[in-house]
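Asker: Need the 3D shape of this:
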Amino acid sequence: MKKGVVYLFSLVLAGSLAFLCSFTSLKNSDKKINEIAIEFVEGDNNFLTQQMVNKLLIQNNKEVKNQPKSTLDLQGLEHSVLSNPYVESANVFFTIDGVLKTVVKQRVPVARINTNNSSYYIDKQGVEVPLSANYSARVVLVTGEINKNNLKEITGFVNVILADDFLRKEIIGIHKTHDKEFILSVRSGPYKIELGSLERMKVKFQKLKAYYKKALVDQTIKQYKTINLKYHNQVVCAK
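Answerer: Model (predicted):
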């Protein structure tokens, strides 16, 4: 008898809990979005504004504020935010107190590509980022023979420069020639650095640093128009 009572009590308790959970879930899903919060993470936010992101949070041509939580497609809203070319990643979710929160990471440009046909930024993954009327990034300017086929090579080269404290401060421009060689513009003077191809790049930059240690001290570098690093074990300067 006691076992039957305990069993019946357990069934009633389980049913009650299931009803309460279902009721709570239904009540929660009927809650309306009372606020939209947008948070930018990791670094400066120069291209995007909260207003720009807020305009992307549209579902069925309606603003999501004051809509029931149950009617919102969070994945669809994330895809909408990610459609903006300045957005690298986005996470859209509900908070307990009825806020629709969007956490956005902006793409960070590492170089500006200028060709005869177009001008745009690239980020460290080589993703194209359009220019903005709101902000102009101070990054390495890349010109010359740039196309879809060699953009990965260019991106890798720029990332090598940015990873080195000396090169990051000194190199302000990269030009790729018809011969698939590279000429660098520098901050310290009007002379050009003829790097040649990207083969033995590490050795070439070591030679440049060694040459700079002497030439910048005695100012002899001001006599030259070009500094050629293409030749093995030597730096060739031309007036």
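Asker: Every contact and neighbour count from this point should use C-alpha atoms.
Answerer: OK.
Asker: and Ile171, what are its bridge partners?
Answerer: In this entry, Ile171 is beta-bridged to Val186, by DSSP bridges.
Asker: That should have said Tyr120, apologies.
Answerer: Ile113.
Asker: hang on, isn't it packed against Asn114?
Answerer: Yes - counting by C-alpha atoms under 8 Å, Asn114 is a contact partner of Tyr120 at 6.9 Å.
Asker: residues in contact with the spatially most central residue of the chain?
Answerer: Nearest to the mean C-alpha position of the chain, by C-alpha atoms, centre = their mean, lies Arg107 at 2.4 Å. Contacts for Arg107 (C-alpha atoms under 8 Å, 6 or more residues apart in numbering) come out as Tyr86, Val87, Glu88, Asp123, Val129.
Asker: mind running it again at 7 Å?
Answerer: By C-alpha atoms under 7 Å, 6 or more residues apart in numbering, Arg107 lies in contact with Tyr86, Val87, Glu88, Asp123.
Asker: Ile38: which of these is nearest?
Answerer: Checking the contacts of Arg107 against Ile38 by C-alpha to C-alpha gives Val87 as the nearest, at 13.0 Å.
Asker: Against Gly43, how distant is the closest one?
Answerer: 13 Å (C-alpha to C-alpha, to the nearest Å).
Asker: again with Pro130
Answerer: The value you get for Pro130 to Gly43, if C-alpha to C-alpha is used, is 19 Å.
Asker: now do Asp165
Answerer: Asp165 is 19 Å from Gly43, by C-alpha to C-alpha.
Asker: One more: Leu216?
Answerer: According to C-alpha to C-alpha, Leu216 and Gly43 sit 34 Å apart.
Asker: May I see the domains of this structure written out as residue ranges?
Answerer: Taking automatic domain parsing as the criterion, the chain consists of the domains 35-106, 109-238.
Asker: Okay, now stretch 95-104: how far is its last residue from its first?
Answerer: Length of stretch 95-104, first residue to last, C-alpha to C-alpha: 16 Å.
Asker: Buried residues, it. List them.
Answerer: Gly98, Val99, Leu100, Lys101, Thr102, Val104 (16 or more other C-alpha atoms under 10 Å).
Asker: do the same with stretch 208-228
Answerer: Buried residues in stretch 208-228 (16+ other C-alpha under 10 Å): Leu208, Ile221, Thr226, Ile227, Asn228.
Asker: where's the dip in pLDDT among these?
Answerer: Across the set of the buried residues of stretch 208-228, Ile221 stands lowest in pLDDT, at 80.
Asker: Filter the buried residues of stretch 95-104 down to the ones in strands?
Answerer: Val99, Leu100, Lys101, Thr102, Val104 (DSSP state E).
Asker: JSON lines please, covering these and showing distance to Val64 and pLDDT.
Answerer: Formatted as JSON lines, those follow (distance: C-alpha to C-alpha, whole Å; pLDDT from 0 to 100):
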{"residue": "Val99", "distance to Val64": "11", "pLDDT": "88"}
{"residue": "Leu100", "distance to Val64": "9", "pLDDT": "90"}
{"residue": "Lys101", "distance to Val64": "11", "pLDDT": "92"}
{"residue": "Thr102", "distance to Val64": "12", "pLDDT": "93"}
{"residue": "Val104", "distance to Val64": "17", "pLDDT": "94"}
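Asker: quick one: which helix or strand includes Ser80?
Answerer: helix 74-82 (DSSP states H and E).
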